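Peer 1: Here is my input; please provide its structure:
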Amino acid sequence: MQIKNQVWAVGLLALATSFGLGTANAAEPYPNRAITATVPFPPGGSSDAVMRAVSAPMSKLLGQPVVLDNKPGANGTLGAQAVARAPADGYAIVIGSVGTWAITPTLLKGMNFDPRKDLTPLTLAVRTPNVMVVSPSLPVSTVAELVAYMKKNPGKVAFASAGIGSTDHLTSVLFWQRTGTDGVHVAYRGGGAAITDVMAGHSQVLISNVGVLAGHIKAGKLKALAVTSTERIPELQDVPTMKEAGVQGLEVYSWQGIGAPKNLPPAILAKLQPALVAALKDPAVAKTLATSGFEVVASSAAEFASLLESETKRWKAVIDSAGIKAE
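Peer 2: Next up, the predicted model:
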């Protein structure tokens with residue numbers, strides 16, 4: 001009888017210990033291990049550059065490593081979906097472009113993925129305006145001259161883009177809609193090829209990120225007609241905004257936003273989101289990102305959620321009205 005009692009006592013002690021350990025682990029302050037930041041694109045792109053810039057200061061602020069994991073596919077949607085399915089415990093975050101967050105989920109209708117419902121927006125990290133450039137061989141120097149030229153030559157001016165559904169493409173379509181013109185879309189496999197062909201005159205117009213085009217503009221290889229920002233930008237002070245050039249409703253930014261799985265507990269959100277914002281506002285980080293043409297925004301979660309809602313509706317309207325379909 002004594003032996004049985006001893007066995008029961010040992011068993012109860014082990015059970016109590018296991019429950020105690022479980023409770024202790026659950027009560028450990030967040031974070032207590034590495035955070036995985038998914039970059040849903042190959043290394044070297046904009047999302048990758050932003051996340052790499054903030055990972056070190058973010059790690060310092062949270063006291064745990066921030067490990068990058070590149071998972072490319074479907075313009076960022078595959079990696080974002082993977083994070084959406086992860087536990088909402090603050091150890092999985094994802095950075096994505098405007099395409100990932102607000103365009104591709106509409107364009108690829110079979111994905112059954114809506115970032116507004118499947119992810120918790122954390123912060124709009126950075127943004128950069130686009131600039132409309134034309135080939136030096138095109139006989140126009142202003143937006144008004146381009147519009148007049150296109151109306152005299154309907155369906156003959158080729159607008160290059162980095163691919164179907166890219167911001168290059170959709171901003172071009174929006175430009176046609178706002179100006180009553182009719183351009184021809186030429187989709188390339190990436191922005192580099194599009195830039196090269198516009199410089200060579202094989203395509204005539206491109207609307208893309210200031211960061212990748214400013215050098216070619218200053219070198220005289222491309223003519224800049226207008227920027228899509230609300231105000232003129234320091235890099236191209238002499239280039240008017242689209243509004244100044246007479247085109248309304250064409251304020252467009254390419255941006256990068258960071259999110260986490262939905263239903264993130266408020267206590268975790270209260271630690272994770274401020275750490276991201278503080279890392280983005282670090283002077284060294286802001287300087288690094290500025291060299292790539294990025295303006296640090298570091299918005300609140302609510303501000304990012306509001307932007308995501310408006311951007312999704314905006315680009316859905318463009319996609320639907322133009323009948324744009326993914327290849």
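
Peer 1: Could you check how many residues crowd around residue 144?
Peer 2: When neighbours are counted by other C-beta atoms under 10 Å, residue 144 registers 14. The C-beta positions use only the backbone N, C-alpha and C, and glycine is treated the same way.

Peer 1: residue contacts, it?
Peer 2: Residue 144 makes contacts with 245-246, as judged by C-beta atoms under 8 Å, 6 or more residues apart in numbering.

Peer 1: and it, what helix or strand is that in?
Peer 2: Using DSSP states H and E, residue 144 maps to helix 143-152.

Peer 1: Averaged pLDDT, that helix. What do you get?
Peer 2: Mean pLDDT, helix 143-152: 98.

Peer 1: Could you give me the buried positions within that helix?
Peer 2: Within helix 143-152, the residues that qualify as buried are 143, 146-147, 149-150, counting by 16 or more other C-beta atoms under 10 Å.

Peer 1: and the nearest residue to residue 282 once chain neighbours are set aside, how many neighbours?
Peer 2: Once flanking residues are discounted, residue 282 sits nearest to residue 57: 4.6 Å by C-beta to C-beta, 6 or more residues apart in numbering. Residue 57 has 19 neighbouring residues, counting by other C-beta under 10 Å.

Peer 1: ditto for residue 40
Peer 2: Counted with other C-beta under 10 Å, residue 40 comes out at 29.

Peer 1: Could you double-check that residue 33 sits in contact with residue 62?
Peer 2: No - judged on C-beta atoms under 8 Å, residue 33 makes no contact with residue 62 at a distance of 10.6 Å.

Peer 1: show me where pLDDT drops low in the protein?
Peer 2: 1-27 (pLDDT under 70).

Peer 1: separation between the spatially most central residue of it and residue 90?
Peer 2: The centre of the chain sits closest to residue 97, judged by C-alpha atoms, centre = their mean, with a distance of 1.6 Å. According to C-beta to C-beta, to the nearest Å, residue 97 and residue 90 sit 23 Å apart.

Peer 1: Quick check: which helices or strands does the host helix or strand of residue 304 pack against?
Peer 2: Assigned by DSSP H and E, residue 304 belongs to helix 301-322. Applying 3 or more C-beta pairs under 8 Å, 6 or more residues apart in numbering; DSSP states H and E, we find helix 301-322 packed against helix 104-107, helix 115-118, strand 119-134, helix 167-179, strand 253-261.

Peer 1: So for that helix, what gets flagged as buried?
Peer 2: Buried, per 16+ other C-beta under 10 Å, within helix 301-322: 301, 304-305, 307-308, 311-312, 314-315, 318-319.

Peer 1: repeat for stretch 112-127
Peer 2: Buried residues in stretch 112-127 (16+ other C-beta under 10 Å): 113, 115, 118-127.

Peer 1: Same check on stretch 242-258?
Peer 2: Buried residues in stretch 242-258 (16+ other C-beta under 10 Å): 242-243, 245, 247, 250-258.
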